[in-house]
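A.B. asks: the following comprises the amino acid sequence and a computationally predicted model.
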Amino acid sequence: MRKFLPLALALALLAIPTRAAEEPPAPPDLLAPPAAAQRTATGLASLVLKAGWGQEHPGPKDFVTMHYSIWTPQGRLLDSTLTREEVATHPVGRLMKGLGEGIQLMTPGERRRFWVPAALAFAPGRGMPAGDLVLEVELVAVDAPPGQAPAALLAPDPEARVTSSGLAYLSLRHGPGTQHPRNRDTVSVHYTGWTQDGKVVDSSLLRGSPTGFQVDEVIRGWTEGLKLMVVGDKLRLWIPEKLAYRGAPGMPAGPLVFDVELLKILR
């Protein structure tokens with residue numbers, strides 16, 4: 001019998017393990033940005049290292065998922081998601097000033113190096129070194145605040161497609177991937193789910209990290225929807241009750257709406 005696991009429980013049972021990796025090498029131009037770097041009025045300098053594949057720029061209230069590394073001008077690595085082999089998710093408004101400003105220049109898939117002056121770096125008293133910093137950032141995904149429910153909750157958007165099972169879906173972002181997840185694959189996703197009255201059911205964004213689980217170990221609407229996606233895709237799913245929790249005790253009742261981003265497929 002198919003298991004209808006709450007998504008948070010799926011995370012607990014099937015979380016993707018992380019392991020330490022080698023430290024990323026320090027950039028060769030820590031002391032000063034090259035002539036080709038862009039500069040803003042605040043003194044922030046940046047250089048695009050890899051173009052993005054998306055068109056969406058984060059706004060000041062959005063949540064961003066990213067990889068980053070931070071160095072002092074002397075080459076000391078302060079922090080890196082690459083050594084942990086896990087992305088980080090934060091609201092733009094809670095990032096250090098320089099990163100918050102800079103990441104709004106980026107699009108999903110883009111990698112950029114930033115030279116952050118001390119005035120835009122860490123605030124005093126946070127236990128981090130004062131002074132200028134150099135960051136390398138890869139923007140993985142952009143999401144609206146989880147509490148901001150979609151307008152179309154009671155019925156699918158008119159542009160949504162409907163499958164033979166009754167699942168409706170709408171593409172919110174197209175990714176660069178080419179492979180679709182299979183039933184036994186483990187995937188890493190970000191998601192937010194709502195009931196029809198706009199209540200948040202669950203959100204990986206609010207936890208600050210993606211969720212990992214096996215494709216066929218969640219509700220049927222999720223399994224079907226994920227297999228339509230490639231890495232980088234973001235879909236909105238309108239899931240009828242028969243493809244959701246089907247009245248299971250303690251589970252959200254009725255139809256549900258989920259925004260789902262496929263970040264990684266682990267086979």
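C.D. replies: All right, it came through fine.
A.B. asks: residues in contact with the helix or strand harbouring residue 171: which ones?
C.D. replies: Element membership of residue 171, judged by DSSP states H and E, is strand 168-173. Strand 168-173 is contacted from outside by 54, 56, 108, 156-157, 159-163, 225, 228, 232-238, 259, 261, using CB atoms under 8 Å, 6 or more residues apart in numbering. The way it works is simple: take the backbone N, C-alpha and C, and place the C-beta from them, glycine included.
A.B. asks: just the ones in helices from those residues, please.
C.D. replies: Counting by DSSP state H, the part of the contacts of strand 168-173 found in helices is residue 225.
A.B. asks: now, the contacts of strand 168-173 that are in strands?
C.D. replies: Residues of the contacts of strand 168-173 located in strands (DSSP state E): 161-162, 234-238, 259, 261.
A.B. asks: got those as a markdown table, with pLDDT and distance to residue 214 columns?
C.D. replies: Converted to a markdown table, the ones in strands among the contacts of strand 168-173 look like this (pLDDT from 0 to 100; distance: CB to CB, whole Å):
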| residue | pLDDT | distance to residue 214 |
| --- | --- | --- |
| 161 | 97 | 25 |
| 162 | 97 | 26 |
| 234 | 95 | 21 |
| 235 | 97 | 19 |
| 236 | 97 | 22 |
| 237 | 98 | 18 |
| 238 | 98 | 23 |
| 259 | 96 | 21 |
| 261 | 95 | 18 |
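A.B. asks: and these, which two are furthest apart?
C.D. replies: Across the ones in strands among the contacts of strand 168-173, the longest distance by CB to CB is 21.2 Å; it joins 162 and 261.
A.B. asks: neighbour-wise, which of the two wins?
C.D. replies: Using other CB atoms under 10 Å, the more surrounded residue of residue 162 and residue 261 is residue 261, with 27 against 11.
A.B. asks: list the contacts of the more buried one.
C.D. replies: 65, 141, 143, 173, 189-191, 232-234.
A.B. asks: who wins on neighbours among these?
C.D. replies: Most surrounded of those: other CB under 10 Å gives residue 141, at 27 neighbours.
A.B. asks: can you verify that residue is assigned to a strand?
C.D. replies: Yes. With DSSP: H, G, I helix; E, B strand; the rest coil as the criterion, residue 141 is part of a strand.
A.B. asks: go ahead and confirm it touches residue 62.
C.D. replies: No. Applying CB atoms under 8 Å, one finds residue 141 not in contact with residue 62, separated by 9.9 Å.
A.B. asks: circling back to that earlier point, include distance to residue 221 when you put the contacts of residue 261 into TSV, please.
C.D. replies: Compiled in TSV, the contacts of residue 261 are given as follows (distance: CB to CB, whole Å):
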residue	distance to residue 221
65	23
141	21
143	20
173	19
189	14
190	17
191	12
232	21
233	16
234	16
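A.B. asks: and which of these is nearest to residue 213?
C.D. replies: residue 189 (8.0 Å).
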